[in-house]
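Engineer: Turn this into a structure:
(2 chains)
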Amino acid sequence: QVQLQESGPGLVKPSGTLSLTCAVSGGSISSFNWWSWVRQPPGKGLEWIGEIFYTGSTNYNPSLKSRVTISVDKSKNQFSLKLSSVTAADTALYYCASKHTSGWYSWFDPWGQGTLVTVSS
Amino acid sequence: DIQMTQSPSSLSASVGDRVTITCRASQSISNYLNWYQQKPGKGPKLLISAASSLQSGVPSRFSGSGSGTDFTLTISSLQPEDFATYYCQQSYTSLTFGGGTKVEIK
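Structural biologist: Numbers count the residues shown, from 1 in each chain, chains lettered A, B, ... in the order given. I've put the predicted structure just below:
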C-alpha cells in the first residue's frame, strides 16, 4: 500500500523559495500515476498546485505556474516542489498526493499527512 | 476555471441523522466529480469517485449522486467517526475543489 510523507522547512522568509519533498513508500514512483501537490491555507479550502509523471512531464495550476517547479527523483523514489517568490499568502498546509487517471476521470488517493509551511520574516 | 460551490459550509447533526451535502459546478462537468473526507491533522481520504462510485472499504452509508452541475453526498445514518470535513473535487477541466463542508456534532 502506497504511503506518502512530506518533509521540508516549516518556515520560509518572504521573497524566498519554498522547498518540499514527498517520499513514496510501498510502491514505485515509476508506476502510472501522476504525483501531485495540493495546499490548504489556514481555515480555507484545497488548491491543486501541480503534478509530475515519472517521465518528468509536468502540469501546473495556471495561477501558480510562473513560480512553481516540480521534479522527480526516481533513484530516491521521491518528488519535490519548489515555489519561488513566496509571500504570506503562500502560508499553508502542503500535501502530496498520488493522482490516478482513467480516461478523463482522475482522483487523488492516497494523500500524505501534510506539512505546514509558514512564510514570515 | 470551473468553480465548485459546496453547501452548507457547516452543519450540526446527531448520530443516526441523514446528512446531505451539495456541490454545484459553475459549468457542466458530466460526472467527473469526487468526494473526500478530511479529519483534523490528516490528509483527505477518497470516498467516492465518478460522482457515485463508492471506494473499496468505504461504508455503504455513504452515497453520491448527480451529473452535470449538481451533485450530492449523502450519509444515510451518521456515525461518530463521520464527523469531519467533506470536499468535492472536479476533474473535467484542470482540478478544483469545493470550499468544504464541516460536519459537527449537535
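Engineer: Let's see the distance spanning stretch A:46-60 from one end to the other.
Structural biologist: One end of stretch A:46-60 sits 15 Å from the other (CA to CA, to the nearest Å).
Engineer: does chain B sit close to it?
Structural biologist: Yes: contact of stretch A:46-60 with chain B (CB under 8 Å from any CB of the partner chain) involves A:46, A:47, A:48. Just so you know, the C-beta spots here come from the backbone N, C-alpha and C atoms, and that holds for glycine as well.
Engineer: Reformat those residues as CSV; add pLDDT and secondary structure.
Structural biologist: Formatted as CSV, those follow (pLDDT from 0 to 100; DSSP: H, G, I helix; E, B strand; the rest coil):
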residue, pLDDT, secondary structure
A:46, 94, coil
A:47, 96, strand
A:48, 97, strand
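Engineer: okay, the residues you listed in JSON lines with neighbour count next?
Structural biologist: Formatted as JSON lines, the residues of stretch A:46-60 next to chain B follow (neighbours: other CB atoms under 10 Å in any protein chain shown):
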{"residue": "A:46", "neighbour count": "24"}
{"residue": "A:47", "neighbour count": "17"}
{"residue": "A:48", "neighbour count": "23"}
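Engineer: how about low-confidence regions in chain A?
Structural biologist: By pLDDT under 70, chain A contains no weakly predicted segment.
Engineer: Would you mind listing the residues in contact with residue 2?
Structural biologist: Using chain A. The contact partners of residue A:2, by CB atoms under 8 Å, 6 or more residues apart in numbering or on different chains, come to A:24, A:25, A:26, A:27, A:98, A:110.
Engineer: You answered for a different chain; I wanted chain B.
Structural biologist: B:25, B:26, B:27, B:29, B:90, B:92, B:93, B:94, B:96.
Engineer: Please report the confidence value the model assigns to it.
Structural biologist: Looking at residue B:2, its pLDDT stands at 95.
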